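Asks: No sequence on hand, only this structure:
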C-alpha cells in the first residue's frame, strides 16, 4: 500500500479493492505532488497503464479535499480518445477507479444513439469520455456545456493527429475554459504533438518513463520466414501451436479480414472480425465474445491496434506487415500488458524480408528469426498438452463410477485411451504442411529422394519416385471441371491439404467439362476418405467420389515421364474420315453435279447459273420508272412529280421556299398583332 500513499483516499481504496499492490512507472510518476495542478505531456509505451495513470492525475483537481463528488451537473473532466473501442474501455476503467468517489461517467462516441447521450448529459455528469467527432457535435448543439471543465485529457494524442482529428481537437480545447488542466498522453512525441502541446498547455511538465527508451520486455518477438504461398498455412500452425487463450491476427485491409475470417471458420476456429466497416454494435459484440470466451481469435485491421485490452491476450500475429514501425509497436502492445508475457509473431514472406527488417530496426526490435511450426511440431505440442491436461488429476464422480466400470469391462483400457485421443484431437483443426525456406530469404533446397514435407518428418511423405513407377492407385471423381475453371495448380494443393499427403501420392489428372478424375496412391486412399468425413467435401465445395476401377472414358497407362497415354474402348472406334477422291460428290447444284471453280467464275456459281455483279447492277430496279421505296421527307417541299424523285432536287423542289405563308411555322410562338399569316416576332 506504500505506492498508494499519495493517491486520493477514495482512489486508493479502489486500487486496493482491485488488487493493485504496485504501480507501473507512469502511474507512480503521476502521483508526484508537484504535478497535482500542472499540465503534463506524458510519453509511455502502450500497455503501461496510462488509463489508470491519468485517472490518478485528475483526482486531486476534481475532488480536492472531498472524498466524494457532489450532485452531477456540467462535466468537470473530459477525456478524448481516438477510437470508439478505446473510449469505451477508458470509461470502464474510470468507472471502477472512481467507484468509491461516486462519479457519474458518460460516454459520447460515434455510432451510438446521440439522443440517449444528450439525455445523459442533461441529467448531469462528472466525467465525459468521447471521440473527437461526436464531442464536437454535442458542443455545437449546446448539449455539452464546457464552462465548468477543470481537466481535459488527450489519450493517444499522436494517433488522433494521424487520423486527421487536429481541427476537432483544436475546436474542443478552444471551447474549454482557459484555466483548465490539459494532460496529453502519447506513445511517441513527434513534432506535431509538441506543437499542439505548446499551443494548448501552460508550462507543461514533460514526463518520459523508462519504457519509452526500450521496448516492452514482456513481449517475445518472432519473425517467421515463409514462402508467399504458405502465409495463411503458417498463421494456422502458429495459432495451433500456441493455443493462446486470446489471439489477434492483424491484416492490412478489410478484404483480407473477411477472407481470413471465412477460412478460419471453415477450419473450426472460434473467430470474430473487427474492422472499420462494422457497426459499433457489431464491434462491441465481437470484443465481448473475446472477453467471455465465446471466441478465441480476433481478425482485425489496425483499427484494433490502439487501446484494445483483452484479458489473456497472449498472442499477436502480423498476417500482413504493418505500414510503419509505430504501427508495429502498437499492434504488438496488445499483448504483454500489466506484467503478463506475450508473443508477437510476424509472418514474413521471403520476398518481403528487407521491408520487415526495416520495420523491426525502426522500432528498435531484435526478433528471433525462425521457421513457422511444422505439422509435426504442432502434433507434438498437442500430445504434450494432452498428457498435462488437469482432467487426469480429477477423480470420477460417484454417479460416473458405474459407467466407467462398464466401459473398462466392455472395451478395455487401450480402446478407451484410443477413443479419448481421437475425441481430444477432433476438437482442433489439423495443422498444415509448410514448405521450409532458408532464413536468408531463399527457399531451402530439397535433398535428393525426399519431398519438402519429408525434411520436416511428415509421416505422409515418401521418397520421390519416377512417374512410370507410380504403383497401385485408386481413381476418384471431383465435382469440378473445365467449366468451373479447374486447374492442377490449385487442385493439387487442395488435394494435399484435404488428404494429408504430398503431390507424390497424386497420379494422373484427367479433366472433363464438369468433372475431374484423379489417380491417388492406393495406400493413401482410405486415409483420404476418412479425412474427408461423411459429407465427402473438400475446400471450395468440391465433392469427392471414389470410383470402382478406372473411369469409363478409358484407362491410363504410363509409358514415359511425359505423362499418361490414353487407350481403351473409345480408341477402337473408327475415326471420322472426309470424302475419298474416288467417292461421288454430293449433288450440290440443281443440275445434279457440282460446278468447278472455273465454271463458277463463268457464271455457274456454286448454286447454279447466277448473274454477275455487273449484271445485277444494270438490272437493278432503281433504274426503272417505278420509285424505289418511300420518298424521303423534305420539310415543306412540293409533292414529287409523277416521274419520280431525282434525289429530291427537281425544278419545283429547288424553287420551293422553306417557309411559306400558308404553312405552319416550325417555331413556337404567338403571332404578333397586326401581322398577317403565320408570322411572329422573332425578337421574342
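Replies: Looks like it came in fine. The structure presented is a predicted model; accordingly, all values stated were derived computationally and were not measured.
Asks: Going by C-alpha atoms from here, please, whenever you check contacts or count neighbours.
Replies: Noted.
Asks: most centrally placed residue in the protein?
Replies: residue 257 (1.8 Å; C-alpha atoms, centre = their mean).
Asks: dump the residue contacts of it.
Replies: 251, 273, 274, 275, 299, 300, 301 (C-alpha atoms under 8 Å, 6 or more residues apart in numbering).
Asks: Would you mind listing the buried residues in the one helix or strand it maps to?
Replies: In the assignment (DSSP states H and E), residue 257 maps to helix 254-266. Neighbour counts over helix 254-266 (16 or more other C-alpha atoms under 10 Å) mark 254, 256, 257, 258, 260, 261, 264 as buried.
Asks: For the stretch 351-500 of the chain, which segments are assigned as strands?
Replies: In the stretch 351-500 of the chain, the segments counted as strands under DSSP state E, counting those that start in this stretch are 368-370, 473-478.
Asks: Can you list the strands that the last one pairs with?
Replies: It stands for strand 473-478. When pairing is defined by DSSP bridges, strand 473-478 lines up against strand 516-521 (antiparallel), strand 544-546 (antiparallel).
Asks: out of these, deepest packed?
Replies: Highest mean neighbour count of the strands paired with strand 473-478: strand 516-521, a mean of 22 (counted as mean count of other C-alpha atoms under 10 Å).
Asks: helix or strand right after that one?
Replies: Following strand 516-521 in sequence, per DSSP H and E, is helix 522-532.
Asks: From the contact counts, what lies against that following helix?
Replies: On a contact count with 3 or more C-alpha pairs under 8 Å, 6 or more residues apart in numbering; DSSP states H and E, helix 522-532 meets strand 473-478, helix 488-499.
Asks: could those go into a markdown table alongside mean pLDDT?
Replies: Shown next, in a markdown table, are the helices and strands packed on helix 522-532 (pLDDT from 0 to 100):
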| stretch | mean pLDDT |
| --- | --- |
| strand 473-478 | 90 |
| helix 488-499 | 85 |
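Asks: Let me know which of those is the nearest to residue 541.
Replies: For residue 541, the closest of the helices and strands packed on helix 522-532 is strand 473-478, at 10.2 Å, according to C-alpha to C-alpha.
Asks: what comes into contact with the closest one?
Replies: Strand 473-478 is contacted by residues 507, 515-523, 525, 542-551 when judged by C-alpha under 8 Å, 6+ apart.
Asks: Mind doing that once more with 7 Å?
Replies: Residues outside strand 473-478 that contact it (C-alpha atoms under 7 Å, 6 or more residues apart in numbering): 515-522, 525, 542-547, 549-550.
Asks: Just want the angle from that strand to helix 522-532.
Replies: Orientation of strand 473-478 against helix 522-532 (axes from the mean of the first three to the mean of the last three C-alpha atoms, to 10 degrees) gives an angle of 30 degrees.
Asks: Taking helix 488-499 as reference, get the angle to strand 473-478.
Replies: 110 degrees.
Asks: how far is strand 473-478 from where the chain is centred?
Replies: What separates the centre of strand 473-478 from the centre of its chain is 35 Å, taken as C-alpha atoms, centre = their mean, to the nearest Å.
Asks: now stretch 39-48
Replies: Its chain's C-alpha centre and that of stretch 39-48 lie 31 Å apart, by C-alpha atoms, centre = their mean.
Asks: And the contacts of it?
Replies: 24, 181-189, 201-209, 211-212, 330, 333, 337-338.
Asks: Residue 496 against residue 502, yeah?
Replies: Yes - using C-alpha atoms under 7 Å, residue 496 is in contact with residue 502, at 5.4 Å.
Asks: The two: which is more packed in?
Replies: Taking other C-alpha atoms under 10 Å, residue 496 and residue 502 do not tie; residue 502 has more neighbours (21 against 18).
Asks: Now that one: phi and psi?
Replies: phi -100, psi 180 (degrees, to the nearest 10).
Asks: Same list (the strands paired with strand 473-478) but as a markdown table, adding distance to residue 268 and mean pLDDT.
Replies: As requested, those are exported to a markdown table (distance: least, C-alpha to C-alpha, whole Å; pLDDT from 0 to 100):
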| stretch | distance to residue 268 | mean pLDDT |
| --- | --- | --- |
| strand 516-521 | 27 | 90 |
| strand 544-546 | 21 | 90 |
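Asks: So which of those is nearest residue 318?
Replies: strand 544-546 (34.9 Å).
Asks: now that closest one, how far from the centre of its chain.
Replies: Once both centres are worked out by C-alpha atoms, centre = their mean, strand 544-546 turns out to sit 33 Å from its chain's centre.
Asks: what do you get for stretch 422-431?
Replies: 26 Å.
Asks: what about it, start to end distance?
Replies: From its first residue to its last, stretch 422-431 covers 15 Å (C-alpha to C-alpha, to the nearest Å).
Asks: So which bits of that stretch are buried?
Replies: Neighbour counts over stretch 422-431 (16+ other C-alpha under 10 Å) mark 429, 430, 431 as buried.
Asks: Setting aside sequence neighbours, what's the nearest residue to the first one?
Replies: Distance criterion C-alpha to C-alpha, 6 or more residues apart in numbering; nearest residue to residue 429, sequence neighbours excluded, is residue 267 at 5.7 Å.
Asks: ok, that neighbour to residue 368 distance?
Replies: Shown here: residue 267 relative to residue 368, a distance of 28 Å by C-alpha to C-alpha.
Asks: Same question for residue 94.
Replies: Distance of residue 94 to residue 368, given as C-alpha to C-alpha: 38 Å.
Asks: ok, the two, which is more surrounded?
Replies: Comparing residue 94 with residue 368 by other C-alpha under 10 Å, the one with more neighbours is residue 94, at 20 against 12.
Asks: Could I get the full set of helices for the stretch 201-350 of the chain?
Replies: Counting by DSSP state H, counting those that start in this stretch, the stretch 201-350 of the chain has helices at residues 231-242, 254-266, 280-291, 325-332.
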